[in-house]
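Enquirer: Turn this into a model:
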Amino acid sequence: MAIYRFRVAFEDYDAVREIDIKSNHTFEDFHYAIHKSINYDAQHPSSFYVSNDQWIKGEELAFMPNARKVAQEVKLMKDFKLSKFIDDPHQKFYYISNFDRPFDFHVELSKIFLEPEAGVEYPVCTKSTGDAPKQFRLSAVSAAAANKDPLESLEDEFDIEEPEELDEFGIDVEDFSSASKSEGEEESEESGEEEEGDDEFGEMGYGSGSDDEYGDRDDY
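Expert: Okay, here's the model as predicted:
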């Protein structure tokens, strides 16, 4: 039984993992191995695509496919071993993790070992380079529906522990803080104007403005 070594690289981020996996493991096993190596939740719709050297997506193997793909009888990751789709010593796959909040990967076979290494439990991540980006958790729509504070919603959406970490995404925390403050100040000013209006008429001797004060007089 052969051991495949794959180079798994984010398409848009400088983070790479090398994963060794048995040739008789399934694409679903590989899917879980990739997510474990970058510490992501794997329970999201994802797909491998057989790819050429230009990373053009070909045949798809899906995990948790939607109804349309099921109707089209898409191949499922769990039903196919890796060896079924290895036709080239540098076989490539285009991989998309979580179609709702996608991350794209270039997956390339880099080496084939004829025998597994004694004592090693496969699949295993043998090399890790660069930090994986945070996995997004809460959609902006969901945050808005929950009526959360703008800054709090951003922290949830980007999995932020400290507000300063928003700088990583090019987001100015002060802009959101000042925006929230401005809205609060405007509400206070409007409320103050209403109170001043009531006091103004009271001080000028026009009474409280209640219906009872004027009785049944027709000219009012």
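
Enquirer: Break this structure down into its domains, please.
Expert: Annotated domains of the chain cover 3-129, 136-202 [automatic domain parsing].

Enquirer: Could you tell me the least trusted of those domains?
Expert: Per-segment mean pLDDT for the domains of the chain reaches its minimum on domain 136-202, at a mean of 48.

Enquirer: Would you mind finding the longest strand in this structure?
Expert: When every strand of the chain is counted residue by residue (DSSP state E), the longest turns out to be strand 103-113.

Enquirer: And the strands in this structure?
Expert: With DSSP E as the criterion, the chain has strands spanning 3-10, 16-22, 46-51, 57-63, 75-76, 92-97, 103-113, 124-129.

Enquirer: how about JSON lines for those strands, with distance to residue 83 and mean neighbour count added?
Expert: No exception for glycine: its C-beta is placed from N, CA and C like everyone else's. Putting the strands of the chain into JSON lines (distance: least, C-beta to C-beta, whole Å; neighbours: other C-beta atoms under 10 Å) gives the following:
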{"stretch": "strand 3-10", "distance to residue 83": "8", "mean neighbour count": "20"}
{"stretch": "strand 16-22", "distance to residue 83": "9", "mean neighbour count": "19"}
{"stretch": "strand 46-51", "distance to residue 83": "13", "mean neighbour count": "22"}
{"stretch": "strand 57-63", "distance to residue 83": "13", "mean neighbour count": "18"}
{"stretch": "strand 75-76", "distance to residue 83": "15", "mean neighbour count": "18"}
{"stretch": "strand 92-97", "distance to residue 83": "13", "mean neighbour count": "22"}
{"stretch": "strand 103-113", "distance to residue 83": "10", "mean neighbour count": "16"}
{"stretch": "strand 124-129", "distance to residue 83": "18", "mean neighbour count": "14"}
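
Enquirer: who's in contact with residue 63?
Expert: 27, 28, 31, 45, 46, 47, 76, 77, 78 (C-beta atoms under 8 Å, 6 or more residues apart in numbering).

Enquirer: From residue 132, how far out is it?
Expert: If you measure residue 63 against residue 132 using C-beta to C-beta, to the nearest Å, the figure is 19 Å.

Enquirer: do residue 109 as well
Expert: Residue 109 sits 21 Å away from residue 132, taking C-beta to C-beta as the criterion.
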